[in-house]
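*Asks:* 3D, please:
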Amino acid sequence: MQDFKKLIVWQEAKDMSIRIYRITQNDPFFEEEKYGLVQQIRRATTSICLNIAEGAGSISQMKFVYFLYNAMGSSKEVECCLILANELGYITKEEFHSLSNHSNKISSMLTNLIDKVKNRKKQPTTYDKLQTKNYKRVR
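*Replies:* Below you'll find the predicted structure:
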(Lines give C-alpha, C1' and ligand atoms only; values in the text may rest on other atoms or scores of the structure.)
Protein backbone atom coordinates (compact mmCIF):
# COMPACT_ATOMS: atom_id res chain seq x y z
CA MET A 1 0.00 0.00 0.00
CA GLN A 2 1.14 3.51 -0.74
CA ASP A 3 -0.10 7.04 -0.35
CA PHE A 4 -1.86 7.75 -3.65
CA LYS A 5 -1.62 11.50 -3.07
CA LYS A 6 2.15 11.29 -3.56
CA LEU A 7 1.79 9.75 -7.03
CA ILE A 8 2.37 12.42 -9.67
CA VAL A 9 0.00 10.66 -12.07
CA TRP A 10 -2.78 10.91 -9.47
CA GLN A 11 -2.04 14.62 -9.00
CA GLU A 12 -2.22 15.15 -12.78
CA ALA A 13 -5.48 13.17 -13.02
CA LYS A 14 -7.00 15.21 -10.17
CA ASP A 15 -5.99 18.45 -11.86
CA MET A 16 -7.51 17.29 -15.13
CA SER A 17 -10.73 16.33 -13.37
CA ILE A 18 -10.98 19.80 -11.85
CA ARG A 19 -10.32 21.39 -15.26
CA ILE A 20 -13.07 19.26 -16.84
CA TYR A 21 -15.56 20.21 -14.12
CA ARG A 22 -14.77 23.89 -14.60
CA ILE A 23 -15.02 23.79 -18.40
CA THR A 24 -18.27 21.85 -18.35
CA GLN A 25 -19.88 24.47 -16.11
CA ASN A 26 -19.69 26.96 -18.97
CA ASP A 27 -22.37 27.62 -21.58
CA PRO A 28 -23.12 26.21 -24.12
CA PHE A 29 -21.56 22.93 -23.05
CA PHE A 30 -23.38 22.61 -19.75
CA GLU A 31 -26.83 23.60 -20.97
CA GLU A 32 -26.72 21.56 -24.19
CA GLU A 33 -25.32 18.35 -22.74
CA LYS A 34 -26.14 18.55 -19.03
CA TYR A 35 -27.19 14.88 -18.86
CA GLY A 36 -25.21 13.44 -21.75
CA LEU A 37 -21.65 14.19 -22.67
CA VAL A 38 -21.06 16.43 -19.64
CA GLN A 39 -21.90 13.69 -17.15
CA GLN A 40 -19.94 11.09 -19.14
CA ILE A 41 -16.72 13.11 -19.33
CA ARG A 42 -17.03 14.07 -15.66
CA ARG A 43 -17.46 10.44 -14.61
CA ALA A 44 -14.61 9.27 -16.84
CA THR A 45 -12.14 11.91 -15.69
CA THR A 46 -13.02 11.33 -12.04
CA SER A 47 -12.67 7.59 -12.58
CA ILE A 48 -9.00 8.03 -13.51
CA CYS A 49 -7.96 9.45 -10.15
CA LEU A 50 -10.36 7.18 -8.22
CA ASN A 51 -8.92 4.03 -9.81
CA ILE A 52 -5.36 5.17 -9.11
CA ALA A 53 -6.29 5.81 -5.47
CA GLU A 54 -8.08 2.49 -5.08
CA GLY A 55 -5.24 0.59 -6.70
CA ALA A 56 -2.62 2.27 -4.53
CA GLY A 57 -4.58 1.11 -1.49
CA SER A 58 -4.53 -2.55 -2.47
CA ILE A 59 -2.08 -4.98 -0.94
CA SER A 60 -1.34 -6.80 -4.17
CA GLN A 61 0.85 -5.43 -6.96
CA MET A 62 -1.32 -7.17 -9.56
CA LYS A 63 -4.44 -5.57 -8.10
CA PHE A 64 -2.73 -2.21 -8.34
CA VAL A 65 -1.95 -2.92 -12.00
CA TYR A 66 -5.59 -3.94 -12.56
CA PHE A 67 -6.82 -0.57 -11.25
CA LEU A 68 -4.17 1.27 -13.29
CA TYR A 69 -5.49 -0.45 -16.42
CA ASN A 70 -9.00 0.70 -15.45
CA ALA A 71 -7.65 4.24 -15.10
CA MET A 72 -6.07 3.90 -18.55
CA GLY A 73 -9.43 2.89 -20.02
CA SER A 74 -11.06 5.92 -18.42
CA SER A 75 -8.30 8.11 -19.82
CA LYS A 76 -9.12 6.89 -23.33
CA GLU A 77 -12.80 7.52 -22.63
CA VAL A 78 -11.97 11.13 -21.69
CA GLU A 79 -10.00 11.49 -24.91
CA CYS A 80 -13.00 10.28 -26.93
CA CYS A 81 -15.35 12.68 -25.10
CA LEU A 82 -12.95 15.55 -25.81
CA ILE A 83 -12.95 14.72 -29.52
CA LEU A 84 -16.75 14.74 -29.53
CA ALA A 85 -16.96 17.98 -27.55
CA ASN A 86 -14.50 19.61 -29.92
CA GLU A 87 -16.28 18.47 -33.08
CA LEU A 88 -19.65 19.55 -31.67
CA GLY A 89 -18.22 22.98 -30.88
CA TYR A 90 -18.70 22.72 -27.10
CA ILE A 91 -15.06 23.53 -26.37
CA THR A 92 -12.59 25.75 -28.19
CA LYS A 93 -9.70 24.38 -30.24
CA GLU A 94 -7.31 25.70 -27.60
CA GLU A 95 -9.20 23.93 -24.80
CA PHE A 96 -9.30 20.76 -26.87
CA HIS A 97 -5.55 20.77 -27.55
CA SER A 98 -4.67 21.63 -23.97
CA LEU A 99 -6.96 18.97 -22.47
CA SER A 100 -6.00 16.40 -25.09
CA ASN A 101 -2.29 16.94 -24.34
CA HIS A 102 -3.02 16.63 -20.62
CA SER A 103 -4.96 13.40 -21.23
CA ASN A 104 -2.11 11.98 -23.34
CA LYS A 105 0.39 12.90 -20.63
CA ILE A 106 -1.69 11.02 -18.04
CA SER A 107 -1.97 7.98 -20.33
CA SER A 108 1.80 7.96 -20.82
CA MET A 109 2.39 8.26 -17.08
CA LEU A 110 -0.04 5.41 -16.43
CA THR A 111 1.76 3.21 -18.98
CA ASN A 112 5.09 3.93 -17.28
CA LEU A 113 3.68 3.24 -13.82
CA ILE A 114 2.07 -0.02 -14.98
CA ASP A 115 5.41 -1.18 -16.39
CA LYS A 116 7.22 -0.15 -13.21
CA VAL A 117 4.78 -1.95 -10.91
CA LYS A 118 4.69 -5.09 -13.09
CA ASN A 119 8.49 -5.29 -13.15
CA ARG A 120 8.91 -4.61 -9.43
CA LYS A 121 10.11 -7.61 -7.51
CA LYS A 122 7.40 -9.06 -5.35
CA GLN A 123 7.96 -8.30 -1.70
CA PRO A 124 7.54 -11.45 0.37
CA THR A 125 4.58 -11.33 2.70
CA THR A 126 4.56 -12.62 6.26
CA TYR A 127 2.67 -15.67 4.96
CA ASP A 128 5.43 -16.32 2.38
CA LYS A 129 8.08 -16.03 5.08
CA LEU A 130 6.23 -18.47 7.34
CA GLN A 131 5.77 -20.95 4.49
CA THR A 132 9.48 -20.80 3.66
CA LYS A 133 10.42 -21.13 7.33
CA ASN A 134 8.12 -24.12 7.81
CA TYR A 135 9.35 -25.74 4.62
CA LYS A 136 12.97 -25.51 5.74
CA ARG A 137 12.08 -26.97 9.11
CA VAL A 138 10.49 -30.06 7.56
CA ARG A 139 13.54 -30.86 5.51
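*Asks:* ok, and the closest non-adjacent residue to V9?
*Replies:* Distances taken as C-beta to C-beta, 6 or more residues apart in numbering put M109 closest to V9, at 4.1 Å, once the chain neighbours are dropped. For glycine as for every other residue, the C-beta is placed from the backbone atoms N, C-alpha and C.
*Asks:* unless I'm mixing things up, the one you found is touching M16, no?
*Replies:* No. Using C-beta atoms under 8 Å, M109 is not in contact with M16; the gap is 11.2 Å.
*Asks:* In contact with G36, which residues?
*Replies:* Applying C-beta atoms under 8 Å, 6 or more residues apart in numbering, we find G36 in contact with no residue.
*Asks:* what's the distance between it and E95?
*Replies:* Look at G36 and E95: by C-beta to C-beta, to the nearest Å, they are 18 Å apart.
*Asks:* Then R43?
*Replies:* 19 Å.
*Asks:* Name the helix or strand of the chain that has the lowest mean pLDDT.
*Replies:* Within the chain, no helix or strand scores below helix 126-138, which has a mean of 51 by mean pLDDT, DSSP states H and E.
*Asks:* Assign a three-state SS to the residue nearest to V9, would you?
*Replies:* helix (DSSP: H, G, I helix; E, B strand; the rest coil).
*Asks:* Which residues are in contact with it?
*Replies:* Going by C-beta under 8 Å, 6+ apart, M109 touches 8-9, 12.
*Asks:* 10 Å instead, please
*Replies:* 7-13, 52, 68, 71, 75 (C-beta atoms under 10 Å, 6 or more residues apart in numbering).
*Asks:* Show me the contact partners of stretch 88-99.
*Replies:* Contacts of stretch 88-99 with the rest of the structure, by C-beta under 10 Å, 6+ apart, involve 16, 19-20, 23-24, 26-30, 32-33, 37-38, 41, 45, 78-79, 81-87.
*Asks:* is it true that A85 touches E33?
*Replies:* Yes. The pair A85 and E33 qualifies as a contact (C-beta atoms under 10 Å) at a distance of 8.0 Å.
*Asks:* Need the residues touching each of these two.
*Replies:* By C-beta under 10 Å, 6+ apart, the residues touching both A85 and E33 are 24, 41.
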